[in-house]
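give the three-dimensional model of this entry:
(chains A, B and C)
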Amino acid sequence: MIVNRLDVSDLLGTLEAKLKQAIVERQLTDPLMIGIRTGGVWVAEKMHQRLAIKQPLGLLDISFYRDDFSQIGVNPNVKPSELPVQIEGRNIILIDDVFYTGRTIRAALNEIFDYGRPKQVLLAVLIERDGKQIPISPDCVGASIALDAGQRIKLIGPEPLAIEIQTVDVAA
Amino acid sequence: MSDNLQLNSEGKLKHFLTIEGLDKQLLIEILDLAESFVGMTDGRIKKIPLLRGKSIVNLFFENSTRTRTTFELAAKRLSADVLSMSIATSSTSKGESLLDTIRNLEAMYVDMFVVRHGISGAAHFIAQHAASHISVINAGDGQHAHPTQAMLDMFTIRQIKQDFSQLRVAIVGDILHSRVARSNIQALNTLGVAEVRVIAPKTLLPAQVETMGVTVSHSLADGLKDIDVIIMLRLQKERMTAALLPSENEYFKCFGLTEARLKIAKPDAIVMHPGPINRGVEIDSIVADGPQSVILKQVSNGIAIRMAIMAMAMQKQGSM
Amino acid sequence: MACILIKDGRIIDPANKIDRIGSVYIADGKIASVTNEPAGFKADRVIDARNQIVCPGFIDLSTRLREPGQSRKATFASETAAAAAAGITTLCLQPDTIPVIDARAVAELIKDQAEKCGYRQILPIAALTQKLEGTELSAMLALKDAGCVAVSNANQPVKNLLVLRRAMEYAASHDLLFIYRPNDYWLANNGCVHEGAVSTRYGLPSIPDAAETIALAQCLELAELTGCRVHFGQLSSRRSVIKLHQAKKYGLAVSADVAIHQLHLTEDDIIPFDSAYHVQPPFRTNTDKEALCEGLANGTIDSICSDHQPHDLDAKLGAFPETEPGISSLETLLPLMLRLVAERALTIEQGIAALTQEPAQILQLERGALTLGFTADLCIFDPDQDWQVNSDNWRSQGVNTPFWGQVFKGRVIYTLQAGKVIYS
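Sure, this is the predicted structure:
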């Protein structure tokens, strides 16, 4: 297992800067920030603090919206989503740790839209890696990387946050 | 036996027919999953897409509006398509056999049957003969089992008492004819309670009931000592005509749960009842509506538990 | 007629106390000699029975062949083929056919059909009451003349004890054996399993053993009152064995049989809700099973029967209490008896006697023995051959047996009926 440490504070800094810019460009007034469990929440907490977002942080659990229920089944330890305010007509900043196939974001969007119709949704991720399977793209990224076959990237946390690249046995 | 029938080749739940044969871990998983659904139904989303595209048929050979509606609501909240069929027993005995009814429904690409039937073993039979991709949930078969009721009772107990291991639970009433009693006894013992005590007149106790892992009392006054949870069973009117009991009055005198009798149990004891209640027969209104009663909680937990059971039974059917 | 020599087998004939290696000589459809070659005997056919057991053909006291009236389940043709393959040379037919054997015409119909399928020994048992409705007596004398060997209530209740008393008196007056399966209809209360731990766990309607023992006790009293000879069919409980033992000691002319599967299975063997295990009387406890085995070994219970009840598939498809009870059991009769011998519950002589000498005595037939001059009904079997209960080997039309797929030791090689080979 090869462990290669990318610098988390660098990535957070980059993401923060890009978000500040996007908030201005897209006129995201009074945004609602939502983090996707679990890694996305850790990142969102940092961003929420650094950008001094007024609205309390929303937490999204997408377990019931995943598209692989038939293959994997339900996770019995699901904590319900917590969205403290109304979604209708809001500007939403959706945050996740790693963007890979895009299915997680699709599930998250489905769930958010079940709550109500937002004005717009901005997607920000700490790391974007190759291997997209759905035509969705993040609007702000901390870093984009390409991995070798059999490699996997994970955010470890909550304190301290760290990034790990693991090599998975191909047989898996 | 049924543990193989109820579990698929990977040991995951496929049919939910009886508590017997399911281990403690599986029961706790069901309770935990139901917990997350309770959280969901309190929120603003009334539906999740977990079972979207799946068809669930409620096959009720015995009438029951309340159980049927809970299953319907549970299925709809999981975004499944639901069809409810009330089949009067006379039509099955005249024409279509149980097997034919199943086959006809299978031909319409159904994914799950929720079955309530007046004869013990009906749900097992259907599970054994239905096509391999179909899951069967037992909503009550004869006097044998009512496992979803047992799970919602366990869920309610856990909500209030948290720890099963120290609990003394009394089940009071017509144990002989009660599928709820049988499933509750099995669930309580699997979850490791300290004692399960059945309290009933001799005519309403099945043979060798101790072999199910219970202690027996024929007196409510004695039996309620040190009890943490009281589960009252419904007394059906037919028991009087079948020479099992002289009258409802006499039953209430000996086995009715009054305020005075409730005091014999522990001061924080809770009172449960699977419903519908016969006020003044097995339980006094004051107790049923009183502060120790959790009967309404049981009802509202019913949907979340059934959602959990349906979701668990339908998972990993993706290979079809 | 053909002369047949059965050579060098182990001859076990309990009625004549024979157990030795030797030959059996058959001429004109009768036993000509055992061991010693009769003068001038010229065999038309020689059967080599080395390493096999040669014994009288089995007499089965309780069978249902489903004809007339229920040919969906089975026919004379299919079931007599099964009987022949099972070494059974005499079948006693329970009267609950459709129509019931309550009229001479039905008994004669049965004889005709038996002849047509080439199996001579189907002995009808007459119904005790008309249509087996339990109220009016059947024409017992006419039925006896038409060939019925006994009268029975099959599994149907008799309306009350007065009717039972009168029916027994009437049967006694014509010197007819009364075969009674003791079961109190009300106590049985539409149950389908034994009242005990298993019925409690699975919430199945149940039958206490008192339903059998009380009916047995009542009938014993009436047997003494009326002087009727009574044979109790298909006992299932320990307390019945005790009562029977006392009655015999007391001097009553009573006998009894037990269905072979009751000697092997108990309520704990029932695979839950598997209708193959649905039988009447139900499988009871291990204590009951042991008492039944002991009773057979010490002679309290005289004989074994198959209680053969073949069913169509639909009869067994449904929730357990809704299925029809009964096992298709002709072809497992011998191997299950041999299993008892292997378990040392019985000697081989006792086992064969329970299937030959004893039933013959109960029915007062000149059969079940290799006595000189008796009709040559024989079974030749290999006690060591293994075979599996599957569709290749099974001849009965009913496949309803909890033993399906099991491997047994003991296979019939030849069956002779009246000196004719009906199975080989």
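
buried set for stretch A:129-137?
residue A:129 (16 or more other CB atoms under 10 Å in any protein chain shown). C-beta coordinates here come from the backbone N, C-alpha and C atoms, glycine included.

which residues in chain C form helices?
Taking DSSP state H as the criterion, chain C carries its helices at C:76-85, C:104-116, C:140-145, C:161-173, C:185-188, C:197-202, C:210-226, C:238-250, C:286-297, C:333-342, C:348-355, C:357-363.

now tabulate these in a markdown table and tack on mean pLDDT and distance to residue A:6.
Putting those into a markdown table (pLDDT from 0 to 100; distance: least, CB to CB, whole Å) gives the following:
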| stretch | mean pLDDT | distance to residue A:6 |
| --- | --- | --- |
| helix C:76-85 | 96 | 79 |
| helix C:104-116 | 93 | 91 |
| helix C:140-145 | 94 | 99 |
| helix C:161-173 | 96 | 95 |
| helix C:185-188 | 96 | 79 |
| helix C:197-202 | 96 | 60 |
| helix C:210-226 | 97 | 80 |
| helix C:238-250 | 97 | 79 |
| helix C:286-297 | 97 | 70 |
| helix C:333-342 | 97 | 73 |
| helix C:348-355 | 97 | 83 |
| helix C:357-363 | 97 | 90 |
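
for residue B:85, helix, strand, or coil?
Under DSSP: H, G, I helix; E, B strand; the rest coil, the three-state class of residue B:85 is strand.

tell me the confidence at it?
pLDDT for residue B:85: 85.

OK, contacts around it?
By CB atoms under 8 Å, 6 or more residues apart in numbering or on different chains, residue B:85 lies in contact with B:57, B:58, B:59, B:60.

so which of these is the most crowded?
With neighbours taken as other CB atoms under 10 Å in any protein chain shown, the top of these is residue B:59, carrying 25 neighbours.

the residue nearest to residue B:34 when sequence neighbours are not counted is in what secondary structure piece?
Nearest residue to residue B:34, sequence neighbours excluded (CB to CB, 6 or more residues apart in numbering or on different chains): residue B:308, at 3.9 Å. Using DSSP states H and E, residue B:308 sits within helix B:295-314.

about what we covered before: looking at the helices of chain C, which is nearest to chain A?
Comparing these against chain A with CB to the nearest CB, the closest turns out to be helix C:197-202 (28.5 Å).

for residue 119, grab the count of nearby residues.
With no chain named, the answer covers chain A. Residue A:119 is flanked by 14 other residues according to other CB under 10 Å.

chain C is the one I meant
What residue C:119 shows, counting by other CB under 10 Å, is a neighbour count of 23.

now do the same contact list for it.
Residues in contact with residue C:119 (CB under 8 Å, 6+ apart) are C:76, C:80, C:83, C:84, C:91, C:417, C:422.

which strands or helices does the helix or strand of chain A with the lowest mean pLDDT pack on?
Ranked by mean pLDDT, DSSP states H and E, the helix or strand of chain A with the weakest confidence is helix A:69-72, at a mean of 77. Helix A:69-72 sits against no helix or strand, with contacts defined as 3 or more CB pairs under 8 Å, 6 or more residues apart in numbering or on different chains; DSSP states H and E.

and it, which residues are buried?
Neighbour counts over helix A:69-72 (16+ other CB under 10 Å) mark residue A:69 as buried.

can you give the distance from that helix to the centre of its chain?
Relative to its parent chain, helix A:69-72 has a centroid offset of 22 Å by CA atoms, centre = their mean, to the nearest Å.

pull up the gap between residue B:216 and residue B:170, please.
To residue B:170, residue B:216 is 11 Å away according to CB to CB, to the nearest Å.

which residues are common contacts for those two?
Common neighbours of residue B:216 and residue B:170, using CB under 8 Å, 6+ apart, are B:197, B:198, B:199.

contacts only, for the residue nearest to the last one when sequence neighbours are not counted.
Meaning residue B:199. Spatially, and ignoring its direct neighbours in sequence, residue B:199 is nearest to residue B:223 (3.8 Å; CB to CB, 6+ apart). For residue B:223, the contact set (CB under 8 Å, 6+ apart) comprises B:170, B:172, B:197, B:199, B:217.

beta-bridge partners for the third one, please?
With DSSP bridges as the criterion, residue B:197 is bridged to residue B:170, residue B:215.

ok, now which ones touch it?
B:168, B:169, B:170, B:171, B:214, B:215, B:216, B:217, B:223, B:227.

so which of the contacts of residue B:85 belong to strands?
Counted as lying in strands by DSSP state E, out of the contacts of residue B:85, are B:57, B:58, B:59, B:60.

if we can go back for a sec, what is the nearest of the shared contacts of residue B:216 and residue B:170 to chain C?
residue B:198 (11.1 Å).

and that closest one, how far is that from residue B:188?
From residue B:198 to residue B:188 the distance is 11 Å (CB to CB).

toward the C-terminus, what is the element adjacent to the one helix or strand in chain B whose mean pLDDT sits lowest?
The helix or strand of chain B with the poorest confidence is helix B:89-94; it has a mean of 51 (mean pLDDT, DSSP H and E). Moving toward the C-terminus from helix B:89-94, the next helix or strand (DSSP H and E) is helix B:98-106.

for the next helix or strand after that next one, C-alpha coordinates in PDB please.
Using DSSP H and E, the helix or strand that follows helix B:98-106 in sequence is strand B:112-117. Extracted C-alpha coordinates of strand B:112-117, given in PDB (Å, rounded to 0.1, in the frame of the first residue of the first chain):
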ATOM      1  CA  MET B 112     -42.900  -8.900  -3.000                       C
ATOM      2  CA  PHE B 113     -45.900 -10.400  -1.300                       C
ATOM      3  CA  VAL B 114     -47.100  -9.200   2.100                       C
ATOM      4  CA  VAL B 115     -49.300 -12.000   3.300                       C
ATOM      5  CA  ARG B 116     -51.900 -12.300   6.000                       C
ATOM      6  CA  HIS B 117     -53.700 -15.600   6.300                       C
END
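
strand B:112-117 and chain C in contact?
Yes - using CB under 8 Å from any CB of the partner chain, strand B:112-117 reaches chain C at residue B:117.

near residue 140, how many other residues are there?
Picking chain A for this. When neighbours are defined as other CB under 10 Å, residue A:140 has 23 of them.

I was thinking of chain C, sorry if that wasn't clear
For residue C:140, the neighbour count with other CB under 10 Å is 23.

check contacts around it.
For residue C:140, the contact set (CB under 8 Å, 6+ apart) comprises C:126, C:151, C:170, C:171, C:174, C:176.

in those, find the pair that's most separated.
C:126 and C:170 (11.4 Å; CB to CB).

the two: which is more packed in?
residue C:126 (29 against 19).

surely residue C:99 and residue C:106 touch.
Yes - Residue C:99 is within contact range of residue C:106, at 5.6 Å (criterion: CB atoms under 8 Å).

any common contacting residues for those two?
residue C:68.

name the residue in the two with the higher neighbour count.
Higher neighbour count among residue C:99 and residue C:106: residue C:106, with 23 against 14, using other CB under 10 Å.

need the helices for chain A, in chain order.
Under DSSP H, chain A gives helices at A:8-25, A:39-50, A:69-72, A:103-115.

same question for the stretch 201-320 of chain B.
Per DSSP state H, counting those that start in this stretch, the stretch 201-320 of chain B has helices spanning B:220-223, B:238-241, B:248-255, B:259-262, B:285-288, B:295-314. These are given in chain order.
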